[in-house]
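*Asks:* here are the coordinates; sequence isn't available:
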């Protein structure tokens, strides 16, 4: 754990207990662990909330390169998606629903973005140059799938890509 006061983005004990058994463990190969998985997650959540360059991660967390490597590795292995799906199923069960939804809601939102942000387009209906987020959520509002496209992509085409996913 870092030495300073806890950050608002740090996992609570209750949150950690929900996911700790699911966090990837060290496989015994490579360099031995020097930072706890909880500490790494706290650093990742801080960075995702605060934004900015990974290099600007406060010094009381693990080294930025270590944190970034875990984040990338877990993303490539699909761990973030697996964690999201697991937590969504738990929330659905607690709400008295089946784990797999039987209905969904599709919506999109166009957002402005800068030139250096990557592919973007012009949404003539909203008169915005940027990207479009297409979301599929269940009846509780929990995210099932997301597709990000150029703002020029029509909602029906974005919905098709979303449903394929």
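*Replies:* Yep, that arrived. Every value quoted in this text rests on a predicted model; they were computed, and no experiment measured them.
*Asks:* quick one: low-confidence parts of the protein?
*Replies:* 1-4, 116-117 (pLDDT under 70).
*Asks:* Let's verify the residue nearest in space to the middle of it: helix, strand, or coil?
*Replies:* In the chain, the C-alpha nearest the mean C-alpha coordinate belongs to residue 80, at 6.6 Å (C-alpha atoms, centre = their mean). Of the three states, residue 80 takes helix according to DSSP: H, G, I helix; E, B strand; the rest coil.
*Asks:* which SS class is the nearest residue to it once chain neighbours are set aside?
*Replies:* Leaving aside its chain neighbours, residue 80 sits nearest to residue 74 (6.0 Å; criterion: C-beta to C-beta, 6 or more residues apart in numbering). Where you see a C-beta, it was placed from the backbone N, CA and C, and this is true even at glycine. Secondary structure, three-state DSSP: residue 74 is helix.
*Asks:* go on, residue 11?
*Replies:* Classified using three-state DSSP, residue 11 is coil.
*Asks:* show me what contacts it?
*Replies:* 19, 38, 41, 42, 45 (C-beta atoms under 8 Å, 6 or more residues apart in numbering).
*Asks:* what residues are up against the first one?
*Replies:* If I follow you right, that is residue 19. Contacts of residue 19 by C-beta under 8 Å, 6+ apart are 11, 83, 87.
*Asks:* For residue 110, the count of nearby residues, please.
*Replies:* Residues near residue 110, counting by other C-beta atoms under 10 Å, number 23.
*Asks:* Could you list the residues in contact with the helix or strand containing it?
*Replies:* Assigned by DSSP states H and E, residue 110 falls within strand 105-112. Here strand 105-112 makes contact (C-beta under 8 Å, 6+ apart) with 123, 126, 128-139, 151, 155, 158-159, 162-163.
*Asks:* cool, and stretch 97-104?
*Replies:* With C-beta under 8 Å, 6+ apart as the test, stretch 97-104 has contacts from 89, 92, 93, 136, 137, 138, 139, 140, 144.
*Asks:* Pull out the buried residues from those.
*Replies:* Using 16 or more other C-beta atoms under 10 Å as the burial test, the contacts of stretch 97-104 include 89, 92, 136, 137, 138, 144 as buried.
*Asks:* Among the residues you listed, list the two that are farthest apart in space.
*Replies:* 89 and 136 (15.9 Å; C-beta to C-beta).
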